[in-house]
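S.K.: pasting a predicted model and its sequence here:
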Amino acid sequence: MRNPSIAFLSVFPPYRGGISRFSEYLQTKLNKKTSSVRCFNYKKQYPTVFYPGTCQTTKDVSDNDIPGVFHPFNPFNWKTATRDILNSSPQIFLYSYWHPFFAPGIRSVLKNIGTKPKIKRVALAHNIYPHEPFCFQKFLAKKVFSQTDAIITLSNETCEEAKSLAPGKKVIKLFHPAFELSFPEKSSEVIREEHGFNSDDIILLFFGLIRKYKGLDIMIDALNQIDLKGYKIKPVIIGEFYIHKQSLLDRIDPGHLEMYTIVDRFVSVKEMAEYFTMADALILPHKNATQSGVLADAINFQVPVITSALPGLTQYLIENNHGLFFKPGSSQNLKKTILEFLDQNNKDQYRHHLQELKHKLSWESFTDELITTVQGI
């Protein structure tokens, strides 16, 4: 099948979040490779009553205007959405899967598309199971994948979960590419000065939505054991709190509070680029993970990572080349790893190796592999 026509259902901007951002990148790259791609957005994402954040959409300007056709919690929409997708005459129906909340609607669309046997149905599975437990998650995922011809995953862990959940289905592992954001025009020194930091401050960055599984409590507990003022460590926490904020702030040693910078909101792409550019290291203290879009940003901006030694985070990283690993869940081990990082003082070496990794995990390579994969299904 040469340049198969693809219908791609996912969440896109103006919706926020890593799946939306990933989908927009993929759409842009697919459009450069083939003219036979049609993308379809969600009309709604989560019901407002269930959404822990302040807003589901972003003010960042997008060059893409993807029509919203799929309403995940309105069953009266599902046949209409299917009709809109089928009107694009696809040979491949590609859809993003990341949470069982969307499973009933997606399964309905898949079942209706299955009445056209020549159309191959392919899942792009960011997660098989959600990071936080959801009712009937295994049952719902099984129902979706029973209507799917092949599952594309982005990590070893997700690949193994998919094989276990959907035996007999074709499961293919690709990778999570490094995002391609430009560096700010201003130097790191200028950006630091504008944000109130000194050139010799050690900025340890925690970035992204703050949820329980991401382990910010572990990072705080580790930093409580370090003389932040003596080492000139400035922890910077950027992200909207999806869990009780005050309980986390109460964990911080009162003598350390003045060293912290906390931005409790969703930041723009421009701001994100500035925070990564001035950071000395990104801390990923996750308690569990399949992969990480924030890690993909660190690779793009060539920021060393201090990360939990979880396969979903470390599978493409080499310790002492791209960062350092610590025992998941151990604040004591994280403390030792942070101090080891400070003693190394080899930021230029890290940047060199991260630049090589960025090239290896490029969107160009990912898109070529994805097209080859769907051609072979």
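M.R.: That came through, no problem.
S.K.: next, the distance between the ends of stretch 325-338.
M.R.: 10 Å (CA to CA, to the nearest Å).
S.K.: go ahead and name everything in contact with it.
M.R.: Residues outside stretch 325-338 that contact it (CB atoms under 8 Å, 6 or more residues apart in numbering): 204, 215, 218-219, 221-226, 233, 283, 285-288, 306-310, 314, 317, 319, 324. Using the backbone N, CA and C atoms, a C-beta is placed for each residue, glycine as well.
S.K.: among those, name the ones in helices.
M.R.: Taking DSSP state H as the definition of helices, those contribute Ile218, Met219, Asp221, Ala222, Leu223, Thr314.
S.K.: next up, the contacts around the closest residue to the first one other than its chain neighbours.
M.R.: Here the nearest residue to Ile218 in space, its sequence neighbours aside, is Pro285; by CB to CB, 6 or more residues apart in numbering that works out to 4.3 Å. Applying CB under 8 Å, 6+ apart, we find Pro285 in contact with Phe206, Lys214, Gly215, Leu216, Ile218, Met219, Ala222, Thr307, Ser308, Leu334.
S.K.: is it true that the fifth one touches Lys287?
M.R.: Yes: with contact defined as CB atoms under 8 Å, Ile218 reaches Lys287; the gap is 7.5 Å.
S.K.: quick one: terminal-to-terminal distance for stretch 251-265?
M.R.: Taking CA to CA, stretch 251-265 runs 20 Å from one end to the other.
S.K.: pull out the buried residues from the helix ranked longest in the chain.
M.R.: Across the chain, the longest stretch assigned as helix under DSSP H is helix 18-33. Within helix 18-33, the residues that qualify as buried are Gly18, Ile19, Ser20, Arg21, Phe22, Ser23, Glu24, Tyr25, Leu26, Gln27, Lys29, Leu30, counting by 16 or more other CB atoms under 10 Å.
S.K.: wait, Glu189 sits on Ser199?
M.R.: Yes: between Glu189 and Ser199 there is a contact at 5.5 Å, judged by CB under 8 Å.
S.K.: which one of the two has more residues nearby?
M.R.: When Glu189 and Ser199 are compared for neighbours, Glu189 comes out ahead with 12 against 9, by other CB atoms under 10 Å.
S.K.: so who does Pro47 touch?
M.R.: Contacts for Pro47 (CB under 8 Å, 6+ apart) come out as Phe73.
S.K.: gap between it and Phe102?
M.R.: Applying CB to CB, to the nearest Å, the value for Pro47 to Phe102 is 12 Å.
S.K.: would you mind splitting this structure into its domains for me?
M.R.: With domains defined by automatic domain parsing, the chain comprises 6-177+362-375, 188-360.
S.K.: can I get the ones you listed in JSON lines including mean pLDDT?
M.R.: Putting the domains of the chain into JSON lines (pLDDT from 0 to 100) gives the following:
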{"stretch": "domain 6-177+362-375", "mean pLDDT": "91"}
{"stretch": "domain 188-360", "mean pLDDT": "95"}
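S.K.: give me the distance between stretch 270-282 and the centre of its chain.
M.R.: Relative to its chain's centre, stretch 270-282 lies at 17 Å (CA atoms, centre = their mean, to the nearest Å).
S.K.: what's it in contact with?
M.R.: By CB under 8 Å, 6+ apart, the list of residues contacting stretch 270-282 reads 181-184, 186, 188, 191-192, 195, 197, 202-207, 236, 238, 267, 294-295, 297-298, 300-301, 303-307, 323, 341, 347.
S.K.: and that stretch, which residues are buried?
M.R.: By 16+ other CB under 10 Å, the buried positions in stretch 270-282 come out as Met272, Ala273, Glu274, Tyr275, Phe276, Thr277, Met278, Ala279, Asp280, Ala281, Leu282.
S.K.: among those, which lie within strands?
M.R.: Among the buried residues of stretch 270-282, the members falling in strands (DSSP state E) are Ala281, Leu282.
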